[in-house]
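**Q** got a predicted structure plus its sequence, pasted below:
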Amino acid sequence: MVTIARLTFVEASRKKMFLVTILLSLVFLVLYGVALDFTAREMLRAGASPGAMQGQGMVIRQVIGYQLLGAGLYFASFLLALLALLASVGSIASEIESGLLQAIISKPLKRSEIVLGKFLGYGVMLSGYALVLFAGVMALNMVYNYQAITLVTPGNLVCAGLVFMLQPLVLLGVALFFSVLLRTLTAGIVSVMLYGLGAVGGFLEQIGSVINNPALINTGIVTSLIMPSDALFRKLLTVVTGSDANPLFSLSVGPFGVSSPPSNLMLAYTILYIVGCIGLTIYSFERKDL
């Protein structure tokens, strides 16, 4: 299993898609930093104007700051999801189609070790990439958007980083499962559609919470159970902004805010979800006729 994990990690890190994603991430961080810098300068100029209302200006700056922080983490999560799905969706299906996997399973190696090794290899790569990306977004906010993270403690920052790391692992588990059942292209389409379903359901739940519509809230909850990626993003925002202790956070709901924070039970469910995906992948792979 360790050998499979090491080979998977090396193979994934050498793919052009991984290098392209790294370049896209650098471009994103540069553009995001420029946007934060321009916004910070504009806020300082507006706050220094003679007719500015100091109390109102502080609230506006913090609300805008929350939206900028949420936008940065959202697009970072999108890049992370892009890498997780595109890198792993063909990890088993493509090897079955090429016949390479038949040579591998002829060795004294259990099929479960192949699945676990691939999950471990991709998981280490994605977790490392997630930590670097999360650190980059938070560092830029600490420099240019500090008012949005004034209540963040080191403990919250660590917890937020761990929640951020869970997002690609959920998608990795789903992609590996469909990689066993379907061909590469079909598995990719289904995985992306599930990711999109989770995002739409998350927005519906937030809208339903704002307008107090139980039908939209329940729809969002169901989609979060099917694909908990967006619920993890909302939980990430709750942790990283210290929203439980900040009454101003309720004013910054918007597209990148949280009106209905997920509970800690969602984190436990997500871990069980990942374990369940791995278990189903192993079960399906062991019974698949190659």
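**A** Ah, there it is.
**Q** what about residue 226, how many residues nearby?
**A** Burial of residue 226, expressed as a neighbour count using other Cβ atoms under 10 Å, amounts to 11. The way it works is simple: take the backbone N, C-alpha and C, and place the C-beta from them, glycine included.
**Q** tell me which stretches of the stretch 1-150 of the chain form helices.
**A** Under the criterion DSSP state H, counting those that start in this stretch, the stretch 1-150 of the chain contains helices at 2-14, 16-48, 54-88, 93-98, 100-105, 111-144.
**Q** so which of those helices gets nearest residue 177?
**A** helix 111-144 (9.5 Å; Cβ to Cβ).
**Q** buried sites along the closest one?
**A** Going by neighbour count (16 or more other Cβ atoms under 10 Å), the buried part of helix 111-144 is 111-112, 114-127, 129-130, 133-134, 136-138, 140-141, 144.
**Q** now do it, average pLDDT.
**A** Within the predicted structure, the mean pLDDT of helix 111-144 is 91.
**Q** elements contacting the helix or strand where residue 170 lies?
**A** Following DSSP states H and E, one finds residue 170 within helix 154-181. On a contact count with 3 or more Cβ pairs under 8 Å, 6 or more residues apart in numbering; DSSP states H and E, helix 154-181 meets helix 54-88, helix 111-144, helix 184-211, helix 229-241, helix 264-286.
**Q** could you identify which of the helices of the stretch 1-150 of the chain has the lowest mean pLDDT?
**A** helix 100-105 - the lowest mean pLDDT of those, at a mean of 70.
**Q** what's in contact with stretch 173-180?
**A** 84-85, 88-93, 115, 118-119, 186-188, 190-191, 194, 227, 273-274, 276-278, 280-281, 284-285, 288 (Cβ atoms under 8 Å, 6 or more residues apart in numbering).
**Q** actually stretch 2-20, not the one I typed
**A** 83, 86-88, 91, 109, 113-114, 116-118, 120-122, 124-125.
**Q** let's see it at 10 Å
**A** 21-22, 82-83, 86-88, 91, 104, 109, 113-126, 128-129 (Cβ atoms under 10 Å, 6 or more residues apart in numbering).
**Q** off-centre distance for that stretch?
**A** A distance of 20 Å separates the centroid of the chain from that of stretch 2-20, by Cα atoms, centre = their mean, to the nearest Å.
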